[in-house]
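Engineer: My questions are about this predicted structure, shown below with the sequence.
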Amino acid sequence: MNTLILRTVAPFLTALMLLFSVFVLLRGHNEPGGGFIGGLIAASALAIYGIAFGVPSVRRAIRFHPMAIAGFGLLLATLSGALSIVFGVPFMTGLWVYPVVFDVELPLSTVMSFDIGVYLVVVGAITSIALALEQEPGSDVEGEG
Amino acid sequence: MAANAPALTFFALFLPFVASVLAPFLTRLLGDRAAFILALAPALAFAHFCTFLPEIAAGEVVTGGYAWAPSFNLSFSWFLDGLSLTFALLITGIGTLIVVYSGGYMKGHPDIGRFMAFILAFMGAMLGLVVSDSFLMLFVYWELTSITSFLLIGFDHEREAARRAALQALVVTGGGGLCLLAGLVFLWNITGVTQLSLLVHLGDGLRQSPFYLATLLLVLAGAFTKSAQFPFHFWLPNAMEAPTPVSAYLHSATMVKAGVYLLMRLNPVMGDTPAWVILLPFFGGITLIAGTFLAVRQTDLKLMLAYTTMASLGLLTMLTGFGSAHAVEAAVLYLVAHSLFKGALFMVAGTVDHEAGTRDVTRLGGLRAAMPVTFGAALLAALSMGGLPLFFGFLAKEEIYAALAAGNPRAVFFTGLAVIGNALMFATAFAVALKPFLGPHVGTPKHAHEGPMTLWLGPVVLSVIGLAAAVFSGVAHRYISSPMASAITDEKIVIDISTVPHLGLPLLLSVITVLLGALAFWRLTDLRAFMVRAVESLGPGPDRGFDHVVSGLVRFSGVVTRLVQPGRLEIYITATFILLAVTLLVPPFVFGELPAMPAWPEELLVQEAAFFAIAVIGLIAVLRAKDRLTAIVSLGIQGFAVAVIFLLFGAPDLSFTQFMVETLSVVILALVMTRLRLTPRDHRPLRQSLFDGLVAVACGLGFTLLLLKSTQAPFDAVLTDFFNAYSKTVAHGANVVNVIIVDFRGTDTLGEIAVVMVTALAVLALIRVRAGRRAGSGEGQ
């Protein structure tokens, strides 16, 4: 699998897919998409990068352990739900603000941060499994054959 | 004062627990002298409970407590009447002496702090048990005494015998406790109350309930295991593995009486039925006789006392169930007397063991000069146990004979049992109290001399109280015996027996008992040899049976585990899918819920037909694949075709996700396959393949039927309409699917992503375990 073509294309493909995954994540509230799908796309992107350049490169590129990313996502999702406690409304009630940045009204909400949490959990969980399966010594030799 | 009384009682109830927490620190600071400070806890509680004496003697009851979960009728509440107050005083009073005694007995032991913590925690649990008003509180404290008893019996946890005894006691008494819980739930369901104080007047309804017998049996299972009644008696002698202060306190004076306490407590509501007056005296009588016979056989001081304790508990059960006010009075007197003299004798045995280095009665003798104070205490306690005049035990025995000696055959039978039992207990009492001290001096492992004050204080105080309570019997009856007997029978009872002997049948029986006892004591060696042979000829007892049950249980669970957890993935998967097929297929056929045959679509679009064809081709490719990698990729073909079909029928989100899932599962499955050393070819024999195929087809058919059925049912559009109507206005989102996921059903999603995360962790762990194992054995392959 470690071909020149793949190694040349992989960085662009990965970058594009990651960008696309964020796009899918953010448009999810109004168009097809969302955290689950975005997370799956991002995980595939990282898998491609891993196939092309090996697991250590992926680990360097994402800086954090994928499980830590998943953990942060779960925390973010929980906090997004728990924020409603401060406002005295039931758990998981969506809270919205509409700040205007450069004359553009940005609808931000805890629903969105919750979806980002979902995205991170999916990316982290799947990437950690995929990387662990790709990485371990002894199996690579066999896998090539 | 009145306003603070509940708070003070609450504090007194928790004082032992507080002392238990402090014990390790205090003993580290002060060594064994910390015992004096720790003894203040039970002493203060004792003083507090003494203030209730006049009130209780006047026939009142003291209640108090705090609501816990009022909607479930649960409360932390206590209830003090003559019965619970007497128990509370015994527990705190003897407890004070025991703590002081433990300080001397455990002096220099590295774990003295742990010991003190355990014994004070037990004290708190026992105190809570006897004052509990609510059922749940009673049960919690009941089991807490079992657990602390487990800790104390197994205190010397490096010895196997101690560990076994501890486990045995826990299994027997804890198991009995669970029966008790079931019994209490029955009581609650029958009467509708959860408090003992309210239960008292509901006895008639309870006795007529069809569930009375079941309730009684469950409660008796709890009481009999706790109070070591035959055939559950075997844990008590084994519990003598515990340090002697524990034997004196838990296994004679207090914990083993919890069962008797419960029977006395329930006597007004459950007593006076045929079952009650048959079962209790029957099992009590057997326990009495078995206990005395086994006691005579022993030469170990503690074991002799342990078996007489068992016998005494049998006597108490027999009297409680005998069904007359006289018998209850006798039980009350005997219970108090027994706690005093047996506690004292156990402490004496401990002191002898501690100072002389052995507690084998055949290797002890002539210690009277070396240990005069201990001898004096032992003698006084033995006189009370033997039931000689001037002692509290005498009052108890007179009352027993007065209660039993009626004219009918049943009474004659039980009187006979009581005479034999008491005579043998008389012999054992004097064997314990006289044999080590009288006669020629026998060389002992340690050079014996009088123990320190801490070691003789307890026995002396208890045995002197046994004398004083009889001499001043008026006071003792007024404050202790009469209120307690009144509480047990739920009617006003005044006990007025005194030490002045009355001529009559009871006195005659007493004289016979003493003569028989003296005879037994005189010929003790012969009697012992006879009993040893007699017991051996009976074969193995329930103690051995316990071992068989435990090892049988272990074997049984081993067999069951190997059966349901064979460790082969094929078996798990086959079982899962067979069960799935059965679940899906059986109900439609049994209940006639088969879906109607769907109509063939009038016009099938070319692209739809094409993708169905691709899916089918993918499936055929899976079946015909030569190796597993090809099979995986072929499965992907089918998955992508289905995703396109979703897209064609207007579910973009679903199809989108399906695409990604298919891609990733092919990637991950391929990665897994490269790691697992699986043969690339499918080596299953044809029979196996056919069977697996059958299961697969059955599952597929089941799912098809389910889906057809659910699409044929009239579609309830309430939710769809709701989500369509409110998605934009309430949740500010046009994509209904996503709004449902992150907003309307957000909590579900939170749970799901938590599951995703935990699954990933588990997979990661599994990969590491496997990698580690391979790294360890990699060279050989």
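Structural biologist: All right, it came through fine.

Engineer: in chain A, what spans have low per-residue confidence?
Structural biologist: When residues are selected by pLDDT under 70, those of chain A lie in A:1-2, A:136-145.

Engineer: What of chain B?
Structural biologist: Low-confidence segments of chain B, defined by pLDDT under 70: B:1-4, B:406-407, B:674-682, B:770-781.

Engineer: can you do 50?
Structural biologist: Applying pLDDT under 50 to chain B flags the ranges B:1-3, B:778-781.

Engineer: Which strand or helix spans the spatially most central residue of it?
Structural biologist: In chain B, the residue lying closest to the centroid (C-alpha atoms, centre = their mean) is residue B:174, at 2.2 Å. For residue B:174, the element it lies in under DSSP states H and E is helix B:160-191.

Engineer: helix or strand right after that helix?
Structural biologist: Downstream of helix B:160-191, the first helix or strand assigned by DSSP H and E is helix B:196-199.

Engineer: returning to that earlier point: distance of the residue nearest to the centre of chain B relative to chain A?
Structural biologist: Residue B:174 is 39 Å from chain A, where distance means C-beta to the nearest C-beta, to the nearest Å. Where you see a C-beta, it was placed from the backbone N, CA and C, and this is true even at glycine.

Engineer: Just the element for the closest residue to that residue other than its chain neighbours, please.
Structural biologist: Spatial nearest neighbour of residue B:174, chain neighbours left out: residue B:146 (4.7 Å); criterion: C-beta to C-beta, 6 or more residues apart in numbering or on different chains. Element membership for residue B:146 (DSSP H and E) is helix B:135-153.

Engineer: what sits against the residue nearest to the centre of chain B?
Structural biologist: Applying C-beta atoms under 8 Å, 6 or more residues apart in numbering or on different chains to residue B:174 gives the contacts B:143, B:146, B:147, B:150.

Engineer: neighbours of the first one, just the number please.
Structural biologist: Which is residue B:143. Neighbour count for residue B:143, taken as other C-beta atoms under 10 Å in any protein chain shown: 20.

Engineer: which ones are touching it?
Structural biologist: Contact analysis of residue B:143 by C-beta under 8 Å, 6+ apart lists B:174, B:177.

Engineer: remind me, longest helix of chain A?
Structural biologist: helix A:110-135 (DSSP state H).

Engineer: What are the boundaries of the strands in the chain?
Structural biologist: I'll assume chain A. Per DSSP state E, chain A carries strands over the ranges A:96-97, A:100-101, A:104-105, A:108-109.

Engineer: that's the wrong chain, I wanted chain B
Structural biologist: Here chain B has its strands, by DSSP E, at B:62-69, B:74-80.

Engineer: Including distance to chain A and mean neighbour count, could these go into JSON lines?
Structural biologist: Conversion of the strands of chain B to JSON lines gives the following (distance: least, C-beta to the nearest C-beta, whole Å; neighbours: other C-beta atoms under 10 Å in any protein chain shown):
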{"stretch": "strand B:62-69", "distance to chain A": "23", "mean neighbour count": "14"}
{"stretch": "strand B:74-80", "distance to chain A": "27", "mean neighbour count": "21"}
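
Engineer: Go through those and name the closest to residue B:167.
Structural biologist: For these, proximity to residue B:167 was assessed by C-beta to C-beta; strand B:74-80 is nearest, at 30.7 Å.

Engineer: Just the CA atoms of the closest one, as PDB, please.
Structural biologist: C-alpha atoms of strand B:74-80 as PDB (Å, rounded to 0.1, in the frame of the first residue of the first chain):
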ATOM      1  CA  LEU B  74     -38.300   4.700  56.100                       C
ATOM      2  CA  SER B  75     -36.800   6.400  59.200                       C
ATOM      3  CA  PHE B  76     -33.800   6.200  61.500                       C
ATOM      4  CA  SER B  77     -35.800   5.800  64.700                       C
ATOM      5  CA  TRP B  78     -35.300   4.100  68.000                       C
ATOM      6  CA  PHE B  79     -37.700   2.500  70.400                       C
ATOM      7  CA  LEU B  80     -36.800   1.800  74.000                       C
END
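
Engineer: Alright, that wraps it up for me.
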